[in-house]
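[1] For reference, the sequence and a predicted model appear below.
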Amino acid sequence: MPQPTTDLWPRLRDLLPLAERPVRYLNHEFGSVYRTPEDDPADTSFVMVYPDTYELGQANQAIRILVNCVNAQPGMYAERAYLPAAEFADQMREAGLPLFSLESCAPLREFDAIGITLPHELAATNVLEVLDLAGLALRAEDRAEADPIVLGGGPCAFNPEPYSAFFDAICIGEGEEAMPEMVACIGAGRAAGKTRQEILEDLADIPGTYVPGFYRVLPDEEAAAWGYRVKPVNGHALPEIQKRVFEGFAQSPAWEPCIVPFADLVHDRLSVEILRGCTRGCRFCQAGMMYRPVRERSADNIVEGALEGLKQTGYDEVSLTSLSTTDHSQIKEILERMNAAVAGKGIQISIPSQRLDSFGVDMAALVAGEKRGGLTFAPEAGTQRLRDVINKNVTEEDVFSSITAAFREGWRRCKLYFMIGLPTETDDDIRGIASLVTRVYEAAREVTPPDQRGRVRVSVSLSLFVPKAGTPFQWDGQIAPEEALRRVNLLRHSIKFRAIDVNWHDPATSFVEAVMSRGGRECCDVIEGAFKRGARMDAWTEHFRPEAWRAAAEEAGVDAEALAQRTFDLAEVLPWQHISSGVHLSYLRLEHKRAFKEQTTPDCSFGTCTGCGLCPDYGIDVETQEVRVG
Amino acid sequence: MAKRTMPVPAVRYERDANGGELLYRLRFRYCEKGRLAMLSHLEVAHYLERVVRRAELPFAITNGFSPHMRISFGGALPVGVGGTCEIFDLLLYRDVSPEEALGAVRAASVPDLLPYACERIDRRAKAASVAYPKSTYEVVFDRPVASLAVPEAVEVVRKKKTRVLAPADFLVEPPAFAGDTMTLKLVSKDTGSLRPDVLVRAMTAGADVRVASITRTALAE
């Protein structure tokens, strides 16, 4: 297929005065990679799309990583694309301007392949907005031979079924190696004159690639006998898709070239991924299951990479990112070396989350300088019983020691994350949150000098439990939105201090998340129906339209309440059972049983193997730089 | 409670005879053109700070809890208005020749926001934002325009508040027309300024003409 040649810039330029923030669409940022006349016109063209606005997508590490990986390979290149803001999308439609890539301002439709990441469940309708604005058929089966191959991936791919109708192929797991392989496969297929069907068959041969069109959904009885909800109808499709693991992560350079935007972003700083995976084993956490095993980059690699990144980008803040940064076995050395290297340069080092113990606070203090904003902790549950159920291996003593240490160190605000609606939760657990938070507040005041006690603030942030595919709680239903609000109000009325404020997520959005998280292929109709009723940008409060979702579910004959709220039997064949994160189903079942017995499971990166099954299957192991202590 | 030690700054500023910090001030001129004229002043300021960091110039930082670069910017350009003579000032703790500094920032810049001149200026010279209150703008239309009337009053809405400004108070001289180009000279005052795009919009209201570009081409005291 010829490379994109249409330059939409002249048409876009005329529309920009109507845009709320033109900077979203300008391109030309420092660090952007462009095609040159010397590049081979036969190179395979790929565009990586984040299904939300530039401010959110530009900071996304997956986009950065995958664009870099494709650009690093000969014979292919990658560009970026983001959704325009809703109002500007309407202006584009009215003007007949299709969705474009940033670098060459070319229509997405002219690329060989389009990759769309699935960052969270509320991005579902935005996937359709991308396809629709690009001028492509929403459903893969309706696409023409010459249309780009639409690839998916990301966290939500671990239950790809609600999105299965819209993607030609979906990458399960980490894309560093898989995505260039997929783009190469598409390029080779196009060059050889293969049909779309033949190219999809080649894609299905790539490990970790799911081609939804090559499967049929089985009726209940047949599914029970087969062991999966879907069955291959093409010889290239496997019964079960194993996720991809990037085994070279720990040795790969911590400095990954990035684009420095003009716009003020959600995370406008240099991100350096210091480790991947977290095996603390929280039973609600999907990331903890799907990014296993733990792989740490070395302190030398991280410090050199971060300093090189600061030099190359000019950022004045660097975030050492991961699922559990303070768990890195060399974190103290890393932070001390970073501090020494950036002293006097006005550069801030940040770590995204604090461990709930005094070590976590010590690490936060190391990088905080004299500016003490707020610290964030996630006890997740208010009682020890419920923390044991969810395997949050944190005691009340940990909570108090870390928070009093933080206030002793000079912090005056802290934010505590809790989940409500967790399996087995009762009103006592809700009141337990109130009790814990109240005692935390009192303890914080106690260790704060009397003249500063008026500044002590504790913020409670509540989210509603969303059962996620591939976790030990995948079988457990979500509580109804009305019940969630009742529990929120119970908590609010149980808190007596005005210095403690309670914030909560809208349960209606969490309900849609649960439906998308646990639904099967029938949800494709729901997403399409909701989109056609105007649902898009569902993660934006001002755009969320619950009535569109309700009407779409009704029209599709889908019992959304049952999908979100029903507790599945452990023996039931789940819609996503053919997608494996490497963690054995038997382990998930065992963890589920242990949860209900209030038994905890230790973190294998600190001690011995807990038997999730991933490492022996892949022939790999946990990769820490030193022995973890904690 | 253990007392934490303060991080030791890596840089100790030289001192002058009076004990003051010995700092060196450079003024850069840059252009803002093409599609990057659509950037806001804040976005450009943000960008320039990062250019200076990438250039690895020995920039001074403020003291206090939230240290930041000692950089200051010229008068803001509205979104959509480009410039060929924009300025920013930078304080350095070590003397660097203007040529060397310019080379370093150019290497760290993107083509449409490119510094092209640099000079040493006195530390006590007027701030970049007030040094040049008079601006010359070139407005290019999509066709030749012989003349356009200047309205007596222009309504300006800012932060939901409406103000009525008299363009005559801000025009240094009457607009000049040549072919498809109009030259506007505006002065900004302590009490406020009249944006060129707002004035042009008022002047072209109802006229069968489209604005192709507005560019600030000169600054004057």
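    Okay, I see it. This is a predicted model, so every value here is computed, not measured.
[2] My understanding was that residue A:390 contacts residue A:381; is that so?
    Yes. At 5.9 Å, residue A:390 counts as touching residue A:381 under the criterion of C-beta atoms under 8 Å. For the C-beta atoms, the positions are set from N, CA and C on the backbone; glycine is no exception.
[3] Now list whatever residues contact both of these two.
    Counting by C-beta atoms under 8 Å, 6 or more residues apart in numbering or on different chains, the contacts common to residue A:390 and residue A:381 are A:419, A:422.
[4] Might you report the residue contacts of residue A:533?
    Under the criterion of C-beta under 8 Å, 6+ apart, the contact list for residue A:533 reads A:545, A:547-548, A:551-552.
[5] at 10 Å instead, please
    Taking C-beta atoms under 10 Å, 6 or more residues apart in numbering or on different chains as the criterion, residue A:533 is in contact with A:125, A:545, A:547-552, A:555.
[6] Of those residues, which is the most crowded?
    Counting neighbours by other C-beta atoms under 10 Å in any protein chain shown, residue A:125 comes out on top of the contacts of residue A:533 with 31 neighbours.
[7] helices or strands next to the helix or strand encompassing that one in the packing?
    Here residue A:125 is covered by helix A:124-134, with elements defined by DSSP states H and E. If you count contacts as 3 or more C-beta pairs under 10 Å, 6 or more residues apart in numbering or on different chains; DSSP states H and E, helix A:124-134 packs onto strand A:44-50, strand A:76-82, helix A:86-95, strand A:113-117, strand A:149-153, helix A:507-518, helix A:522-532, helix A:546-556.
[8] between those, which one is nearest to chain B?
    When the helices and strands packed on helix A:124-134 are compared for distance to chain B using C-beta to the nearest C-beta, the nearest one is helix A:86-95, at 13.1 Å.
[9] Wondering if that closest one reaches chain B at all.
    No. Looking at helix A:86-95 against chain B by C-beta under 10 Å from any C-beta of the partner chain, there are no contacts, and the closest approach is 13.1 Å.
[10] what is the mean pLDDT for that helix?
    Averaged across helix A:86-95, the pLDDT comes to 97.
[11] Please report the number of neighbouring residues for residue A:177.
    The local packing of residue A:177 (other C-beta under 10 Å) involves 18 other residues.
[12] Please name the nearest non-neighbouring residue to it.
    Once its chain neighbours are removed from consideration, residue A:177 has its nearest residue in residue A:246; the separation is 6.1 Å (C-beta to C-beta, 6 or more residues apart in numbering or on different chains).
[13] The one you found and residue A:295, how far apart?
    For residue A:246, the distance to residue A:295 (C-beta to C-beta, to the nearest Å) stands at 8 Å.
[14] Give the intersection of the neighbour lists for those two.
    Listed contacts common to residue A:246 and residue A:295 are A:252, A:276; contacts here mean C-beta under 10 Å, 6+ apart.
[15] which of the two has more neighbours?
    Neighbour comparison, residue A:246 and residue A:295: the larger count goes to residue A:295, with 24 against 17 (by other C-beta under 10 Å).
[16] Please report phi then psi for the more buried one.
    Per-residue torsions, residue A:295: phi -140, psi 120 (degrees, to the nearest 10).
[17] and what of residue B:26?
    With angles defined as degrees, to the nearest 10, residue B:26 shows backbone torsions of phi -120, psi 140.
[18] list the contacts for it?
    Contact criterion C-beta under 10 Å, 6+ apart gives B:57, B:59, B:88-92, B:95-98, B:101-102, B:105, B:118-121 as the residues in contact with residue B:26.
[19] Mind doing that once more with 7 Å?
    If a contact means C-beta atoms under 7 Å, 6 or more residues apart in numbering or on different chains, then residue B:26 has B:89-90, B:92, B:98, B:101, B:118, B:120 as its contacts.
[20] Show me what it bridges to in the sheet.
    Beta-bridge partners of residue B:26, counted by DSSP bridges, are residue B:90, residue B:120.
[21] what's the model's confidence in the helix or strand harbouring residue A:198, averaged?
    Element membership of residue A:198 [criterion: DSSP H and E] is helix A:196-204. With pLDDT averaged residue by residue, helix A:196-204 scores 98.
[22] Pull the residues that contact the helix or strand just after that helix.
    Past helix A:196-204, further along toward the C-terminus, the next helix or strand under DSSP H and E is strand A:209-210. Counting by C-beta under 7 Å, 6+ apart, the neighbours of strand A:209-210 from elsewhere in the structure are A:160, A:169-172, A:182, A:203, A:241, A:579.
[23] Any residue of stretch B:37-49 touching chain A?
    Yes. Remark: stretch B:37-49 sits within contact range of chain A at B:38-39, B:43, B:47, by C-beta under 7 Å from any C-beta of the partner chain.
[24] Kindly reformat these as CSV containing pLDDT and neighbour count.
    Supplementary listing: those in CSV, determined by pLDDT from 0 to 100; neighbours: other C-beta atoms under 10 Å in any protein chain shown:
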residue, pLDDT, neighbour count
B:38, 96, 22
B:39, 96, 25
B:43, 95, 21
B:47, 96, 22
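[25] now the residues you listed as a markdown table including secondary structure?
    What follows is the residues of stretch B:37-49 next to chain A, written out as a markdown table (DSSP: H, G, I helix; E, B strand; the rest coil):
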| residue | secondary structure |
| --- | --- |
| B:38 | helix |
| B:39 | coil |
| B:43 | helix |
| B:47 | helix |
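[26] from those residues, which is closest to residue B:200?
    Taking C-beta to C-beta as the measure, residue B:200 lies nearest residue B:38 of the residues of stretch B:37-49 next to chain A, at 16.1 Å.
[27] and the next element down the chain from the lowest-mean-pLDDT helix or strand in chain B?
    Between all helices and strands in chain B, the lowest mean by mean pLDDT, DSSP states H and E belongs to strand B:154-158, at a mean of 88. Next helix or strand after strand B:154-158 toward the C-terminus (DSSP H and E): strand B:161-165.
[28] Show me the contact partners of that following strand.
    The list of residues contacting strand B:161-165 from outside it, by C-beta under 7 Å, 6+ apart, reads B:153-156, B:194.
[29] rerun at 10 Å
    Strand B:161-165 is contacted by residues B:152-157, B:191-195, B:198-199, B:202 when judged by C-beta under 10 Å, 6+ apart.
[30] Any regions of chain B where pLDDT drops low?
    Scanning chain B with the threshold set as pLDDT under 70 gives B:1-12.
[31] for the stretch 201-350 of chain A, what spans make up the strands?
    Using DSSP state E, counting those that start in this stretch, the strands assigned to the stretch 201-350 of chain A run over residues A:209-210, A:215-217, A:230-232, A:241-242, A:270-273, A:275-276, A:295-296, A:317-321, A:348-350.
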